[in-house]
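> Just the structure for this:
(chains A and B)
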Protein chains: 2
Amino acid sequence: MERLPGFRDFYPEPLPHPDEWSADVRNYIFAQWREVCRRYGFREYDGPSLEPLELFTAKSGDEIVGQLYNFVDKGERAIALRPEMTPTLARMVAAAERSYKKPIKWFAIPQLFRYERQQKGRLREHFQFNADIFGESDPGADAELIALLIDVLRSFGLTAADFVIRLSSRNAWQDFFAKRSSDASKEYDFYQAIDKMEREEPEKTKEKLAAIGIDAAEVLAFVEKGEPTVELGKILDNLGARGLGEFVKIDYNVIRGLAYYTGPVFEAFDRKGKFRAIAGGGRYDHLVKLISGGKVNLPGLGFGMGDVVLTELLKERGLLPKSEAAPKAFCLIEDETLREASLELIQSLREHRFAIEYSLTPAKSDKQFKRAMELGAAYTIKLERAANEDLQLRFKNLKTREEKILNPAEAATHLRGENGAH
Amino acid sequence: MERLPGFRDFYPEPLPHPDEWSADVRNYIFAQWREVCRRYGFREYDGPSLEPLELFTAKSGDEIVGQLYNFVDKGERAIALRPEMTPTLARMVAAAERSYKKPIKWFAIPQLFRYERQQKGRLREHFQFNADIFGESDPGADAELIALLIDVLRSFGLTAADFVIRLSSRNAWQDFFAKRSSDASKEYDFYQAIDKMEREEPEKTKEKLAAIGIDAAEVLAFVEKGEPTVELGKILDNLGARGLGEFVKIDYNVIRGLAYYTGPVFEAFDRKGKFRAIAGGGRYDHLVKLISGGKVNLPGLGFGMGDVVLTELLKERGLLPKSEAAPKAFCLIEDETLREASLELIQSLREHRFAIEYSLTPAKSDKQFKRAMELGAAYTIKLERAANEDLQLRFKNLKTREEKILNPAEAATHLRGENGAH
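Got it, this is the predicted structure:
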């Protein structure tokens, strides 16, 4: 029986096949995401993987249904596997914001699902790190969020030579449009044309813009000039003060396709342009109001970063760490009359928080030693009977090959060694 | 818009309402599960939350469909949200076991889903810690697994006064049945009757057993006597050698309803009998063969422990820790001309891995200080201009109220303090 197309198993390393995904790498990435959030005071939340379908159509319109895993449950409810976290987050914040001091700084690592029939060979799920701020309309919040994004990427060993944040603004494009058109019904089409501009033939974009009544040359000049708005200027200054200026540049090609952004928007790209966007986000000041049916009005902003592109990028740059699952010690049991005493020792060392392995069943001495080496154990320990029949411990450092004889009660102290690590 | 019935949001503490679930508690529980697995050398894996429906019906028969979130996707595949992890695990192990040395010791923390229409007010999802061993048929493996279970529960502060592992055996009941009946077609009904025995009227059980041709008095005497089989005796001796004997007792009332168990089975219960089982599992030596269509034959055993009962139990016993999200320092910015220098300082301290908070926007001095107190910051730090116009740092310990004036470059050293903690 096989897994569904577009889904991943996560195996412990060493992987059974280079195409499989590593649970160790996933844990490493999640741990970095959490660690940088801790430093920035972002708190973790989560919501259900299943939500009412309406939560997603309310935000993104009915056209999103074509991209969803949606179905009718046994209670006749129209439901969907979440394709993004922001609607759930807006729902949660709208329901509970009065219990939290502002600004609310939250993050989550949800698994998200998309089902597009035509996407052969593409993944239908990924994990997405989401970080958001609510209750602060000042650009200081946008800068804090972008600084978090930069430091998250830096925590993986990526540098300013590896990635850049392209910073743009919905407001800037809004102003641009308002100065040139009075037909608000075409505003959304305009954003769509800008969004596709980089990936489309220039002629195609020109035609689209002409249909809206906009001159493509003016659009190109605006992008070329790349003059920061007052708001973007403040964000740049703020990031500059933190010493993060080299990680960000104004780029009005970015507009973010989703309809709900209202202010600054940004995307993180690898400098070599080899991968899809590593992360993207922006300000969405009306979303909580929309999701709460007008009951709660809170400005918000956030970004998402998926695990797939990030993992591919880190792999390509050689930045994925080696798995660190090796046990501290392997307990050799060569004299089966000492198995019970060995189990007692193993238990005591595990209670001291050391990772201890041993052979669950009687096995030849050399086979046990081989297994200790394969697992990468730092030490072997072995109970023996001394000449006076007392138990003694043979303690061997597998790196230096040094061996000593200890009192079994000293095992924990010697395993702890100089640095106190487990 | 509301979340679906039976699903949970996880909020950061302090919770908006005592009935809501805490993301902090969830992280704490997951962290303990992972930590004890590390000590025991269990490695983490995960699989898809969606699987072909057939994977679950192959194992549990078609009757399970009534309890599933199942649907037909846009590619006409019958699929289901996973109601348990074992079939996915068996699929993964069957596909990749040749790449791993035996015994394979793995764990996972999947979210699982069940949809039973009649279950009003009951949860339809939970997170379940799963630990399994493959490739070892010796009872030493059963003992290792049960020791892990005991140490996981102890890691939460639970003691032998709080919980007990009730150990039983499918083989023992198999022997019991084989000695008294030659009608193999009634074997499954027999297990079902034993499984329900504790919760049913004795008369009802007696009738059921009579219909199978078994004398209820003999069943009761067998349970009463509770004599360990040879296999269970070895498990008890092994756990005893580890000093874990007080956490386990023979109890043949336990048989585990699921059809696929083949050997020792066990459940963890709170001693006061207030909650449903905390965990349950056992040996299933034929499952990998079944799931792999006969291609791979590996003995296996494992248990599952859900987050819901465990959280309720820990809450009732007062064993849930306080949230530890307080920042190390709150940076006060009272002179706005020093905001840029303060941002530089904040960035540098965060790069030293300290959790630092500050006001994103200009705010009154007393409001900033109040916020630092609310967040539980250990220190406040504030840049000031000294008499000679140089920058100095006012460093205040919020517990002792001690204040000192430092060179800003010394901030990290002083935050690190005596114990070097972040």
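
> Which residues of the stretch 251-400 of chain A lie near chain B?
For the stretch 251-400 of chain A, the residues in contact with chain B (Cβ under 8 Å from any Cβ of the partner chain) are A:291-293, A:325, A:327, A:339-341, A:343-344, A:346-347, A:350-351, A:353-357, A:360-361, A:371, A:374-375. C-beta: built from backbone N, CA, C; applies to glycine.

> again, only using 6 Å
A:325, A:327, A:340, A:343-344, A:347, A:350, A:355, A:357, A:360-361 (Cβ under 6 Å from any Cβ of the partner chain).

> State the helix or strand in which the residue nearest the centre of chain A lies.
Chain A has residue A:129 as the residue nearest its centroid, 3.6 Å off, counting by Cα atoms, centre = their mean. Take DSSP states H and E as the rule and residue A:129 turns out to sit in strand A:125-134.

> Quick check: buried residues in stretch A:152-167?
A:152-156, A:158, A:162-167 (16 or more other Cβ atoms under 10 Å in any protein chain shown).

> what's that stretch in contact with?
A:32, A:36, A:246-251, A:254, A:266-268, A:270-271, A:314, A:319 (Cβ atoms under 6 Å, 6 or more residues apart in numbering or on different chains).

> With stretch A:382-395 instead?
Residues contacting stretch A:382-395 (Cβ under 6 Å, 6+ apart): A:332, A:338, A:341-342, A:381, A:404-406, A:408, A:411, A:414.

> how close does residue A:72 sit to residue B:115?
12 Å (Cβ to Cβ, to the nearest Å).

> who has more neighbours, those two?
More crowded of residue A:72 and residue B:115, by other Cβ atoms under 10 Å in any protein chain shown: residue B:115, with 20 against 11.

> So the more buried one sits against residue B:70, correct?
No - applying Cβ atoms under 6 Å as the test, residue B:115 and residue B:70 come out as separate, 8.3 Å apart.

> Dump the C-alpha coordinates for stretch A:18-36 into CSV.
Extracted C-alpha coordinates of stretch A:18-36, given in CSV (Å, rounded to 0.1, in the frame of the first residue of the first chain):
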residue,chain,number,x,y,z
PRO,A,18,17.7,10.4,-0.8
ASP,A,19,14.3,11.4,-2.1
GLU,A,20,12.6,10.8,1.3
TRP,A,21,12.2,13.6,3.8
SER,A,22,14.0,13.7,7.1
ALA,A,23,12.2,13.9,10.4
ASP,A,24,15.5,15.1,11.9
VAL,A,25,15.8,18.0,9.5
ARG,A,26,12.1,18.9,10.1
ASN,A,27,12.8,19.0,13.8
TYR,A,28,15.9,21.1,13.3
ILE,A,29,14.0,23.6,11.2
PHE,A,30,11.0,23.8,13.6
ALA,A,31,13.5,24.3,16.5
GLN,A,32,15.2,27.2,14.8
TRP,A,33,11.8,28.8,14.0
ARG,A,34,10.8,28.5,17.7
GLU,A,35,14.1,29.7,19.1
VAL,A,36,14.2,33.0,17.1
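
> Is any residue of it near chain B?
Yes - counting by Cβ under 6 Å from any Cβ, contacts between stretch A:18-36 and chain B involve residue A:23.

> any idea which of the contacts of stretch A:382-395 has the most stuff around it?
residue A:381 (26 neighbours).

> Which residues does the helix or strand of chain A with the lowest mean pLDDT contact?
Ranking every helix and strand in chain A by mean pLDDT, DSSP states H and E puts helix A:53-60 at the bottom, with a mean of 88. With contact meaning Cβ under 6 Å, 6+ apart, helix A:53-60 is reached by A:64, A:70, A:78-80, A:87, B:1.

> next one: that helix to chain centre, how far?
24 Å (Cα atoms, centre = their mean, to the nearest Å).

> Pull out the buried residues from it.
Here helix A:53-60 shows A:53, A:55-60 as buried, counting by 16+ other Cβ under 10 Å.

> would you put the C-alpha positions of it in PDB?
Provided in PDB are the C-alpha atoms of helix A:53-60 (Å, rounded to 0.1, in the frame of the first residue of the first chain):
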ATOM      1  CA  LEU A  53     -15.200  26.000   4.300                       C
ATOM      2  CA  GLU A  54     -16.900  29.400   4.800                       C
ATOM      3  CA  LEU A  55     -13.900  30.600   6.800                       C
ATOM      4  CA  PHE A  56     -11.700  30.400   3.700                       C
ATOM      5  CA  THR A  57     -14.200  31.600   1.100                       C
ATOM      6  CA  ALA A  58     -15.100  34.600   3.300                       C
ATOM      7  CA  LYS A  59     -11.500  35.700   3.000                       C
ATOM      8  CA  SER A  60     -10.500  34.600  -0.500                       C
END
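
> Tell me if the strand holding residue A:129 is near chain B.
No - for strand A:125-134, no contact with chain B is found by Cβ under 6 Å from any Cβ; the gap never falls below 7.0 Å.

> Can you tell me which residues in the stretch 51-200 of chain A are near chain B?
Going by Cβ under 6 Å from any Cβ, the residues of the stretch 51-200 of chain A near chain B are A:55, A:71, A:74, A:91-92, A:96, A:99, A:115, A:117, A:136, A:138, A:140-141, A:144.

> Check those and tell me the two furthest apart.
A:74 and A:140 (48.4 Å; Cβ to Cβ).

> now the strands for the stretch 301-422 of chain A?
A:329-332, A:356-358, A:379-385, A:391-397, A:403-406 (DSSP state E, counting those that start in this stretch).

> for the ones you listed, which one sits closest to residue B:200?
Across those, closest to residue B:200 is strand A:356-358 (Cβ to Cβ), at 42.9 Å.

> what's the average pLDDT for the closest one?
Averaging pLDDT along strand A:356-358 yields 98.

> and residue A:74 and residue A:140? which has more neighbours close in?
residue A:140 (21 against 13).

> Quick check: the more buried one touching residue B:358?
No - if you go by Cβ under 6 Å, residue A:140 and residue B:358 don't touch, sitting 9.6 Å apart.
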